[in-house]
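Novice: sequence and predicted structure are below.
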Amino acid sequence: MSTTQTLIKQLQQGDEKTLARCITIVENELEGYEEILTSLKFNSNIPVVGVTGPPGAGKSTLINAVIKNLTAQKKSVGIIAIDPTSPFNYGSLLGDRLRMAEHFNNDKVFIRSLATRGSLGGLSAKTIEIVDVMRAFSFDYIFVETVGVGQSEVEVVGLADTTVLVLVPESGDDVQAIKSGIMEIADVFVVNKSDRDGANTFIKNIIQLVHSKMASDWNIPVIKGIATKGEGVEELIEAIDKHNKVGVNTKRSYLLAEKAYRLIQNKKMKGVSKMDLQKQIDAELKKKDFNLYNFVRSLK
């Protein structure tokens with residue numbers, strides 16, 4: 001039995017160290033990563049929950065509260081926290097030890113931080129593959145928290161079975177909300193920090209917006225929450241469970257098509273390195289007639 005086959009067997013047996021090792025191999029495309037991916041056998045019933053929303057909405061705090069509730073029920077939780085990338089070493093700027101320190105020693109919780117590595121949509125290009133590695137480990141829930149970059153985060157819908165959009169009363173007026181592309185992707189809305197001024201009016205406006213855009217059998221819930229006090233957490237878990245039962249099949253082909261698109265895109269771009277591009281551009285900038293478009297064309 002090869003080393004890779006041994007890893008796959010240990011992964012399916014629930015060895016956490018092997019899970020961490022497999023994620024590292026896949027993320028960095030080390031020897032054997034393709035064999036790991038093509039040999040995966042995972043439970044498609046494990047809900048993959050994308051948690052997105054603008055910066056400062058309290059996504060990490062909300063996930064912390066959800067983890068606390070689920071682990072109290074003896075549920076196992078896998079978390080992928082997508083972090084901004086350091087421009088110097090392309091590593092993760094904010095690690096799980098900072099944001100979710102209270103769960104660091106919880107044997108029911110596995111947390112992995114990934115750097116965006118220049119991805120504009122709030123997701124690392126390797127997130128899809130790593131989520132599937134984690135699904136082979138048979139967690140009860142997998143959560144993916146994006147960096148919170150705004151409307152471009154709509155790509156999370158191609159990854160998650162259920163997308164939770166976290167907003168706060170200050171997120172904007174009706175016109176901004178309707179115009180925002182990110183509003184189109186939510187399966188569940190959570191208005192966090194709902195003890196702030198204007199919360200009730202904002203919630204009412206979101207409910208009206210949701211009802212005006214309903215186009216499926218799924219009745220999108222708008223949950224009023226205060227993550228720091230644990231309020232709204234049980235309602236959110238209930239909504240995720242309900243959506244996992246009734247909503248996932250209606251968009252399964254769309255989800256898989258989006259995943260395939262991202263994987264193909266990543267494969268086509270495999271030979272392109274930002275660091276190498278920067279070195280080449282540094283050299284080209286010494287020329288007076290430097291033109292970015294001619295430079296890009298020369299790379300084809």
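Specialist: Everything's here; your move. Residues are numbered from 1 along each chain as shown.
Novice: can you give me the strands for the stretch 201-300 of the chain?
Specialist: Secondary structure of the stretch 201-300 of the chain (DSSP state E, counting those that start in this stretch): strands located at 222-224.
Novice: any regions of it where pLDDT drops low?
Specialist: 213-216, 247-252, 254-255 (pLDDT under 70).
Novice: which residue ranges make up each domain of the protein?
Specialist: Residue ranges for each domain of the chain read 1-41, 42-268, 274-300, as given by automatic domain parsing.
Novice: and the second one, how far apart are its ends?
Specialist: Distances were taken as C-alpha to C-alpha, to the nearest Å; on that basis the terminal residues of domain 42-268 are 26 Å apart.
Novice: and the domains of the chain as TSV, adding mean neighbour count?
Specialist: Every C-beta, even on glycine, is put in place using the N, C-alpha and C of the backbone. Shown next, in TSV, are the domains of the chain (neighbours: other C-beta atoms under 10 Å):
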stretch	mean neighbour count
domain 1-41	15
domain 42-268	18
domain 274-300	10
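Novice: what sits against N45?
Specialist: N244 (C-beta atoms under 8 Å, 6 or more residues apart in numbering).
Novice: how much space separates it from V164?
Specialist: 18 Å (C-beta to C-beta, to the nearest Å).
Novice: ok, now I8?
Specialist: 31 Å.
Novice: before we move on, which element is the residue nearest to K259 when sequence neighbours are not counted in?
Specialist: Distances taken as C-beta to C-beta, 6 or more residues apart in numbering put I128 closest to K259, at 5.2 Å, once the chain neighbours are dropped. I128 is part of helix 127-135, with elements assigned from DSSP states H and E.
Novice: which strands or helices does that helix pack on?
Specialist: On a contact count with 3 or more C-beta pairs under 8 Å, 6 or more residues apart in numbering; DSSP states H and E, helix 127-135 meets helix 16-27, helix 33-38, strand 77-83, strand 109-115, strand 141-145, helix 252-268.
Novice: okay, these in CSV with distance to L277 next?
Specialist: Listed next are those as CSV, based on distance: least, C-beta to C-beta, whole Å:
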stretch, distance to L277
helix 16-27, 21
helix 33-38, 24
strand 77-83, 22
strand 109-115, 18
strand 141-145, 28
helix 252-268, 16
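Novice: returning to what we had before: run the chain-centre distance for the helix holding I128.
Specialist: 11 Å (C-alpha atoms, centre = their mean, to the nearest Å).
Novice: now stretch 223-233
Specialist: 21 Å.
Novice: circling back to that earlier point, what's near enough to touch the residue nearest to K259?
Specialist: L159, K259, R262, L263.
Novice: tell me the pLDDT of it.
Specialist: Looking at I128, its pLDDT is 82.
Novice: what of K68?
Specialist: For K68, the model assigns a pLDDT of 92.
Novice: any idea how far N28 is from it?
Specialist: From K68 to N28 the distance is 32 Å (C-beta to C-beta).
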